[in-house]
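>>> Sequence first, then the predicted structure:
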Amino acid sequence: MKKIILSTAALAISASMAMAQDVVRLGTEGAYPPWNFINDSGEVDGFERELGDELCKRAELNCQWVTNDWDSIIPNLVSGNYDVIIAGMSITDERDEVIDFTQNYTPPDPSAYLAMSEDVDLEGGVIAAQAGTIQAGYVAESGATLVEFATPEETIAAVRNGEADAVLADKSFLTPVADEDADLMIVGPDVALGGGVGLGVRESDPELKATLDAAIQSMKDDGSLNAMIEKWDVASTF
């Protein structure tokens, strides 16, 4: 085990030294609090901002933040507009066919339904989800009628204006919305989806992936990742 750990550390140090002078661009959506959002100063903020900055510090990477709409976030990674996706993206087999993922930096976050009534029909009703998410895929196969929207805010608006009976999304995103709006509530059972959230990288960047993997592992090992997860209340801890 010690040899494995030392080999991983050596690879991470070697890769980080090679990239230390280059800018590593971190792509996020900036519209999914508390994971990522734009604060009042116009800067990327949230759990993933704090996490990304810490990972870059540990890996000795010179990082810059880039925002990108969710529906094109994978294509724009592949085309080189940025180098890493850090946007609450669940690890799935389908996505892994196009890009590579680091190890997960949160366990699977349960998904939940948000509605304006407890007796909403979740199995046969109209359910909103953000396009291109694991929740949209789940609804499409559930028998309910799926309506997709480009942004998380639009899915909530669809419930409020009666366009959808409920929305399915990460529970960590929906719970603060329900807490702040007396007309909205979490309904039905939680839904377990995905394999946790990881960083997305191009398949042509194995050294960067190894460097980020080592940084994530170091945060798991010293407990700082669990502390950050608890601070932002984005998922269960490891």
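Okay, I see it. Small disclaimer: the values here were computed from a predicted structure and weren't measured.

>>> separation between E123 and S111?
15 Å (Cβ to Cβ, to the nearest Å). Every C-beta, even on glycine, is put in place using the N, C-alpha and C of the backbone.

>>> what about the two, which has more around it?
S111 (24 against 9; other Cβ atoms under 10 Å).

>>> Could you tell me the per-residue confidence at the more buried one?
As predicted, S111 sits at a pLDDT of 96.

>>> Ok, the one 4 residues further on next?
We have a pLDDT of 98 for A115.

>>> Skipping adjacent residues, who's closest to it in space?
Distance criterion Cβ to Cβ, 6 or more residues apart in numbering; nearest residue to A115, sequence neighbours excluded, is A166 at 3.9 Å.

>>> you'd agree the one you found is up against V120?
Yes - judged on Cβ atoms under 8 Å, A166 makes contact with V120 at a distance of 5.2 Å.

>>> okay, and the common contacts of those two?
Shared contacts of A166 and V120 (Cβ atoms under 8 Å, 6 or more residues apart in numbering): 113, 187-188.

>>> measure the most centrally placed residue in the chain to A169 for me?
Most central in the chain under Cα atoms, centre = their mean is G88, positioned 0.5 Å from the mean C-alpha point. Distance, G88 to A169, by Cβ to Cβ: 10 Å.

>>> what do you get for R202?
With Cβ to Cβ as the criterion, R202 and A169 are 27 Å apart.

>>> out of the two, which sits in the more crowded spot?
A169 (24 against 19).

>>> The nearest residue to that one once chain neighbours are set aside: neighbour count?
Spatially, and ignoring its direct neighbours in sequence, A169 is nearest to Q135 (5.7 Å; Cβ to Cβ, 6+ apart). For Q135, the count of nearby residues is 26 (other Cβ under 10 Å).

>>> A150 now?
15.

>>> again, but for A182
Using other Cβ under 10 Å, A182 has 7 neighbouring residues.

>>> Repeat that for D53.
14.

>>> residues touching it, list them.
C63.

>>> try 7 Å this time
Listed by Cβ atoms under 7 Å, 6 or more residues apart in numbering, D53 has no contact partners.

>>> buried sites along whichever strand or helix holds it?
For D53, the host element (DSSP states H and E) is helix 47-59. Within helix 47-59, the residues that qualify as buried are 47-49, 51-52, 54-56, 58-59, counting by 16 or more other Cβ atoms under 10 Å.
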